[in-house]
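> Got a sequence here, can you model it:
(2 chains)
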2 protein chains.
Amino acid sequence: MKLSEKVQSCGLSPMRKFHPFAVDAESCGKKIYRLNIGQPDIETPPEFFKAVQEYTQKVLAYAPSAGIPSLIEAIQAYYHRLGVNYSADDILITAGGSEALLITMLCILDEGSEVIVPEPFYPNYATFIKAAGGRITPLHTSPEENYNYANKERLEALINENTRAILITNPNNPTGNSLSEKELRLITKVARDHGLYLICDEVYREFVYDSDKIFCAGKYRDIDNNIIIIDSVSKRFSSCGARIGMMISRNHELMAQAMKFCQGRLCTATLDQVGAAALYSVGPEYFKAVKDEYRRRRDVCYNKLSKIPGVVCAEPMGAFYMMAKLPIDNAELFQTWLLTDFEDKGETVMFSPGEGFYATEGKGINEVRIAYVLNEQDLSRAMDLLALAIEQYNNR
Amino acid sequence: MKLSEKVQSCGLSPMRKFHPFAVDAESCGKKIYRLNIGQPDIETPPEFFKAVQEYTQKVLAYAPSAGIPSLIEAIQAYYHRLGVNYSADDILITAGGSEALLITMLCILDEGSEVIVPEPFYPNYATFIKAAGGRITPLHTSPEENYNYANKERLEALINENTRAILITNPNNPTGNSLSEKELRLITKVARDHGLYLICDEVYREFVYDSDKIFCAGKYRDIDNNIIIIDSVSKRFSSCGARIGMMISRNHELMAQAMKFCQGRLCTATLDQVGAAALYSVGPEYFKAVKDEYRRRRDVCYNKLSKIPGVVCAEPMGAFYMMAKLPIDNAELFQTWLLTDFEDKGETVMFSPGEGFYATEGKGINEVRIAYVLNEQDLSRAMDLLALAIEQYNNR
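Numbers count the residues shown, from 1 in each chain, chains lettered A, B, ... in the order given. Sure, this is the predicted structure:
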């Protein structure tokens, strides 16, 4: 039986492919500190559950393909507070940021199209881009430069006739890089001057630690036709399981095309949309408390990690991830060993091996992505376990 | 800004593209009998809402990419009662049958691949197939033959080196055709003999009116590697807004590939999966009551419709749809007129124009799909409105 070339070119998620080993380890009673996946332990605002519980319709019916009006209005109000005004037609509700990305790629990529993505990047980007027939042109970044990619010459050197888009994650998963307004502006101009889409994945928008300035690329009105914002309630409101995201653009021709896919899959889950609309009622104190919590976690994680001999990393400026080069041979082998062979007082730790975050062959082999999504005490213990494990692994 | 060729080749959903006209008509106080969309008015079993309300986790977390174990077990038990045994690994939970179809197509189709689909067909199939780079090879059927497509010669005449799959909907949307076991067996053999996938969309499985025999193509074990079952809770439990479907196959190589896309989009909505698992606890009396209700609706709809002068249709055997050829020039113009110009006592009616249900250019122009998803009284009134409207439209 034939399988498509595109699916065969995709990989399993580096965040999720070690799940079976983790299940085995846990079934043997091992405790795992999971830093492999961006699943925060922060409580979902109770507003979500309350709205869902108060749903009184007797028939759980399809929602409109573009999303329910109350959710779209809540999102408009949220962006308005950021100083960015969107009309209801600029917003399509999707099954998480994931579906927003897939629909975007299906709308703009043909067989052989290229998307410039700073590397390392969120690995599922490759899946969505390949699903649409495209491929990633990686723009290399490094911890020594704080993973900065706002560089006109380097960006322009990668543009060719097949290039359709630049895809950025700001703040960045997995590097923790966060763009200044000046840097973002530079990138918008490159996209504008070369007639490229600029896909801005801003799902971590609120998580910026060294500045109070939160901004959205949608504020630059000279590139309304270029910019596509990917957003989601998953991280902002610790509601990953709701699968409510959105694709936002003022390019009406693009949005009319995207609607074809939205209609094709009928709608996004109705109850989750009702719950998500309620999430937007939480006040600024919620964001502040969560951000302060993550800042403390960032500090614990970075301070401990940077003291482990041989580790190379950069202090994250945003989101809740960091990349780290470890003094080991191979992060996949190391991760497997952590789950199957290592333990300290019945405990071990789990990361995402780095190779899947790169498109360039051979890169990331001894790197890991760490999601600092546990409380300070657990994070501290996880970093101690990592230090101990590196030593034992290299002496095994 | 460039748009992909594939999205430009897709159309808007014929079920949903008249939505803006309907909103306008309703805002003017017009009542619309909506037979355009497969949104049943049957109450969702309260088990769904109860399970969702009783969810006590404080963090709405990601579910496993393949689905939550309790839902997969409930589905296994349901199939076991049908005499079809699936292991947990044979089942991937998806965002409705829609996502199951899209993932299937992305896994098996390359640029230029062909899928044989009996015509008229569910129009969103074309969107999913085109999204994956493929195209539909239509197998024409007609009301005179009760829309039957179980014909070895006609099927084989369409197979060429680009053919990857046969896609059937059983019972059928939009025609109401329902295969006998003998007919289904014939099709499975064609797929087997030609090494094709047989994608069986069985979301209407329980809705068969002229037989008590409910069966699943998964029972034929000589084509384990060929068969992909598409299923969903949407219609079976009147839970369309839950967006819980599934892709089922014993072809483990295929399922391992499909897992890449499942991991790529992380998971299906967690709470809806919890609710869906509870749906499977409803007893056979639920299915019987719902089926009896739809049988009565079918009878009302067909009896009235077939008496309208000039209408050509076949009595539906299953699902809750029928196609009808109307004595009008163009169903899209007629539908627009129904919403903008027609009314009787402030009421009008809405169907899905037929053209989008065909891949063959020029077919279906004066046809409509009727979803008999309203109660008998409303359906009866809707059919009377249709008769009246046809007369007025042709005399306008």
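> quick one: the helices in the stretch 51-200 of chain A?
Using DSSP state H, counting those that start in this stretch, the helices found in the stretch 51-200 of chain A span residues A:69-81, A:96-108, A:124-131, A:152-157, A:181-193.
> Please identify the deepest-packed of these.
Comparing the helices of the stretch 51-200 of chain A by mean neighbour count (mean count of other C-beta atoms under 10 Å in any protein chain shown), helix A:96-108 ranks first with a mean of 27. For glycine as for every other residue, the C-beta is placed from the backbone atoms N, C-alpha and C.
> Measure how that one sits relative to helix B:96-108, angle-wise.
Angle, helix A:96-108 to helix B:96-108, by axes from the mean of the first three to the mean of the last three C-alpha atoms, to 10 degrees: 60 degrees.
> Helix A:96-108 and chain B, are they touching?
Yes. Using C-beta under 8 Å from any C-beta of the partner chain, helix A:96-108 reaches chain B at A:96, A:98-99, A:102, A:106-108.
> quick revisit: make CSV out of the helices of the stretch 51-200 of chain A and add mean pLDDT.
Below are the helices of the stretch 51-200 of chain A laid out as CSV (pLDDT from 0 to 100):
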stretch, mean pLDDT
helix A:69-81, 97
helix A:96-108, 98
helix A:124-131, 97
helix A:152-157, 98
helix A:181-193, 97
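> Quick check: A:Asp272 touching A:Arg243?
Yes. A:Asp272 lies in contact with A:Arg243 (C-beta atoms under 8 Å); the separation is 6.3 Å.
> got any residues that touch both of the two?
Taking C-beta atoms under 8 Å, 6 or more residues apart in numbering or on different chains as the contact rule, the neighbours common to A:Asp272 and A:Arg243 are B:Ala269.
> how about the helices of the stretch 51-200 of chain A, which one is nearest B:Phe342?
helix A:69-81 (26.8 Å; C-beta to C-beta).
> Does that closest one pack against any helices or strands, and if so which?
For helix A:69-81, the elements it packs on are strand A:91-94, helix A:270-279, judged by 3 or more C-beta pairs under 8 Å, 6 or more residues apart in numbering or on different chains; DSSP states H and E.
> and the helix or strand following the longest one, anywhere near chain B?
Read that as helix A:270-279. Sequence order places helix A:284-305 as the next helix or strand after helix A:270-279, per DSSP states H and E. No. Applying C-beta under 8 Å from any C-beta, one finds helix A:284-305 separated from chain B by no less than 12.6 Å.
> Next, the angle from helix A:284-305 to helix A:69-81.
70 degrees.
> can you list the residues of the stretch 101-250 of chain A near chain B?
Residues of the stretch 101-250 of chain A lying close to chain B by C-beta under 8 Å from any C-beta are A:102, A:106-111, A:113, A:124, A:127-128, A:131-133, A:164, A:195, A:197, A:225-226, A:238-243.
> If we use 10 Å, what do you get?
A:101-103, A:105-113, A:123-128, A:130-134, A:164-165, A:195-197, A:225-226, A:233-234, A:237-244 (C-beta under 10 Å from any C-beta of the partner chain).
> ok, A:Val349 - contacts?
If you count contacts by C-beta atoms under 10 Å, 6 or more residues apart in numbering or on different chains, A:Val349 has them with A:31-36, A:335, A:338-339, A:342, A:370, A:378, A:381-386, A:388-389.
> Show me how to select, in ChimeraX, the buried members of those.
Only the buried members of the contacts of A:Val349 enter the following ChimeraX selection, criterion being 16 or more other C-beta atoms under 10 Å in any protein chain shown:
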select /A:32,33,34,35,36,335,338,339,342,370,378,381,382,383,384,385,386,389
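> Pull up the gap between A:Ser352 and A:Ile136, please.
18 Å (C-beta to C-beta, to the nearest Å).
> An error on my part: the question was meant for A:Gly112.
Computed with C-beta to C-beta, the distance linking A:Gly112 and A:Ile136 is 13 Å.
> Out of the two, name the residue with the larger neighbour count.
Per other C-beta atoms under 10 Å in any protein chain shown, whichever of A:Gly112 and A:Ile136 has more neighbours is A:Ile136, with 19 against 10.
> Count the neighbours of the nearest residue to that one once chain neighbours are set aside for me.
Of all residues not flanking A:Ile136 in the chain, A:Ala359 sits nearest, at 4.4 Å (C-beta to C-beta, 6 or more residues apart in numbering or on different chains). The number of residues packed near A:Ala359 is 21, by other C-beta under 10 Å.
> Now A:Ala359. Its backbone dihedrals?
Backbone geometry at A:Ala359, expressed as degrees, to the nearest 10, gives phi -100, psi -20.
> pLDDT at it, what is it?
Note on A:Ala359: pLDDT of 96.
> Check the contact between it and A:Ala126; I expect there is one.
Yes. Shown here, A:Ala359 and A:Ala126 form a contact pair, counting by C-beta atoms under 10 Å, at 6.7 Å.
> Show me the common contact partners of the two, please.
Common contacts of A:Ala359 and A:Ala126 (C-beta under 10 Å, 6+ apart): A:117, A:135-136, A:138.
> Buried members of the residues you listed into PyMOL, please.
To isolate the buried subset of these in PyMOL, counting by 16+ other C-beta under 10 Å, use the following:
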select buried, chain A and resi 117+135+136+138
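> among the shared contacts of A:Ala359 and A:Ala126, which are in strands?
Per DSSP state E, strands hold the following members of the shared contacts of A:Ala359 and A:Ala126: A:117, A:135-136, A:138.
> Just want the most central residue of chain A.
Computing the C-alpha centroid of chain A and ranking residues by C-alpha atoms, centre = their mean puts A:Asn173 first, at 5.1 Å.
> which element is A:Leu12 on?
Using DSSP H and E, A:Leu12 falls outside every helix and strand.
> That one: neighbour count?
As a burial measure, A:Leu12 scores 20 neighbours (other C-beta under 10 Å).
> since we're on the nearest residue to A:Tyr321 once chain neighbours are set aside, how many residues are nearby?
With sequence-adjacent residues excluded and distances taken as C-beta to C-beta, 6+ apart, A:Tyr321 is closest to A:Pro174, at 4.6 Å. By other C-beta under 10 Å, the residues close to A:Pro174 number 30.
> List the residues that contact A:Pro174.
Neighbour list for A:Pro174: A:14-15, A:38, A:120-123, A:147, A:316, A:319, A:321-324, A:352, A:354, A:356-357, A:364, A:367-371 [criterion: C-beta under 10 Å, 6+ apart].
> And it, how far from B:Gly176?
To B:Gly176, A:Pro174 is 51 Å away according to C-beta to C-beta.
> So which residues on the stretch 251-396 of chain A come close to chain B?
A:251, A:253-254, A:256-275, A:279.
> rerun at 6 Å
A:257, A:260, A:263-266, A:269-270, A:272 (C-beta under 6 Å from any C-beta of the partner chain).
> Output those residues as JSON lines; include the columns distance to B:Lys288.
Listed next are those as JSON lines, based on distance: C-beta to C-beta, whole Å:
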{"residue": "A:Gln257", "distance to B:Lys288": "44"}
{"residue": "A:Lys260", "distance to B:Lys288": "38"}
{"residue": "A:Gln263", "distance to B:Lys288": "33"}
{"residue": "A:Gly264", "distance to B:Lys288": "33"}
{"residue": "A:Arg265", "distance to B:Lys288": "31"}
{"residue": "A:Leu266", "distance to B:Lys288": "27"}
{"residue": "A:Ala269", "distance to B:Lys288": "28"}
{"residue": "A:Thr270", "distance to B:Lys288": "27"}
{"residue": "A:Asp272", "distance to B:Lys288": "31"}
